[in-house]
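Trainee: below: sequence and its predicted model.
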Amino acid sequence: MAVQETLVLVKPDGVARSLTGEVLRRIEAKGYSLVDIKLVEAERELLAEHYAEHEGKPFFEPLVEFMLSGPIVAIRVAGDRVIEGFRALAGTTDPTTALPGTIRGDLGRDWGLKVQQNLVHGSDSPESAARELALWFK
Ligand code: RTP
Ligand code: MG
């Protein structure tokens, strides 16, 4: 298996709660490498492209608004099978039921808002990773 790269985002809730270091710690402790990292105030256009697969869904607009609500940390991460490996570290989408031991399961919960504030994003396939890395690291 060749070394892969994936896009990890620490979403605005994670940055606001000062959990960036904790996310980086877990990525590094797992043995993955940080290749590039930056703090981004994302524009609506970038977010609409990033979440193009969700356009038209009821949570799309609130999701984009949430992602505009504060800075995001974008990270290029490398490692063997890192795409599925980081998804496993992140846990399932809903932080209330994500398994303990995962980022979302240990650190996230429902805050009574319509959009899921689940701390992190990770690319879900090699195609998504290539597309998303090109968007966030031009
Ligand atoms: P991500 O793309 O952020 O890594 O998360 P994911 O694959 O686990 O979830 P996905 O289905 O791609 O959804 C993208 C993000 O949209 C928000 N979401 N809200 N029903 C809802 O309210 C809902 N569903 C999804 C979450 O922030 C999710 O991470
Ligand atoms: Mg996704």
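Mentor: Nice, thanks for sending it over. Numbers count the residues shown, from 1 in each chain. Ligands and ions are numbered 1, 2, ... in the order given.

Trainee: surely L89 meets I103?
Mentor: Yes - with contact defined as CB atoms under 8 Å, L89 reaches I103; the gap is 6.0 Å. Bear in mind the C-beta positions are built from the backbone N, C-alpha and C, glycine included.

Trainee: could you check how far the residue most central in space within the chain is from G14?
Mentor: Geometric centre of the chain, nearest residue: H121, 1.5 Å, by CA atoms, centre = their mean. H121 is 10 Å from G14, where distance means CB to CB, to the nearest Å.

Trainee: ok, G112 next?
Mentor: 18 Å.

Trainee: which one of the two has more residues nearby?
Mentor: Ranked by neighbour count (other CB atoms under 10 Å), G112 and G14 place G14 first, with 24 against 5.

Trainee: wait, the more buried one sits on T20?
Mentor: Yes - counting by CB under 8 Å, T20 is a contact partner of G14 at 6.4 Å.

Trainee: residue numbers of this protein in contact with ligand 1?
Mentor: Residues of the chain found near ligand 1 (CB under 6 Å from any ligand atom) are F59, L63, T93, V115, Q116, N118, H121, G122, D124.

Trainee: I am finished for the moment; much appreciated.
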